[in-house]
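Chemist: 3D model of this:
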Amino acid sequence: METKTDQLSIEKTALIRVAIVLLVILVATAYVLVHYHVFKNIWWTDVAYHFMGGFILAMILSSYMLARIGKGREEGLKNFLMVVGAATLLGVLWEFFEYAQGQFFLINPKIDILGLGSEAGHYADTMQDLLLDILGASFFMALPRKR
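Modeler: Down below sits the predicted model:
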């Protein structure tokens, strides 16, 4: 017979799988949108994708923490900071990936939304992207949870 703890672990593991599928879909569709210049032509798509990326990463990280070590969103500020910090770190790594694309593959996914010019626009876009990653992760962590 399954206990409540076993059921919770199964639910959280399933949530991790769903979140990973969502993340794969997000990344795959992002490449399609870059190819068709959607991020450059429709400014809010970049905003939505970074927010959703932070949200989905927080979903994965929080669920993993709860399923594997018994701590997730239920543990308060410490886990909030751990999950949002980890999602932010992954956002920073993504920004390095975007930079490497531009340097090595001559792909420039950066968008000068604020009209600050080439270099300043890239820095502003990077800061905006990281802020949206943080906001997405924070939003997930602030959602009411099932007890």
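
Chemist: Just name the shakiest helix or strand of this structure by mean pLDDT.
Modeler: One helix or strand of the chain scores below all others by mean pLDDT, DSSP states H and E: helix 4-35, with a mean of 80.

Chemist: Show the subsequent helix or strand relative to it.
Modeler: From helix 4-35 onward toward the C-terminus, using DSSP states H and E, the following helix or strand is helix 38-41.

Chemist: After that next one, heading C-terminal, what element do we hit next?
Modeler: Using DSSP H and E, the first helix or strand after helix 38-41 is helix 44-69.

Chemist: pLDDT of that next one, averaged?
Modeler: Across helix 44-69, pLDDT averages out at 88.

Chemist: Check which helices and strands that helix is in contact with.
Modeler: helix 4-35, helix 38-41, helix 77-104, helix 118-142 (3 or more CB pairs under 8 Å, 6 or more residues apart in numbering; DSSP states H and E). No exception for glycine: its C-beta is placed from N, CA and C like everyone else's.

Chemist: That helix to helix 77-104, inter-axis angle?
Modeler: Interaxial angle, helix 44-69 versus helix 77-104 (axes from the mean of the first three to the mean of the last three CA atoms, to 10 degrees): 130 degrees.

Chemist: Give the buried residues for helix 44-69.
Modeler: Residues of helix 44-69 classed as buried: 45-47, 49-67 (neighbour count, 16 or more other CB atoms under 10 Å).

Chemist: Name the SS class of residue 145, please.
Modeler: On the three-state scheme (DSSP: H, G, I helix; E, B strand; the rest coil), residue 145 is labelled coil.

Chemist: Determine the number of other residues adjacent to it.
Modeler: Here the number of neighbours of residue 145 (other CB atoms under 10 Å) works out to 11.

Chemist: Residue 127 now?
Modeler: Residue 127 - counted by other CB under 10 Å - has 11 other residues nearby.

Chemist: ok so, going back, for the helices and strands packed on helix 44-69, state which one has the densest average packing.
Modeler: helix 118-142 (a mean of 18; mean count of other CB atoms under 10 Å).
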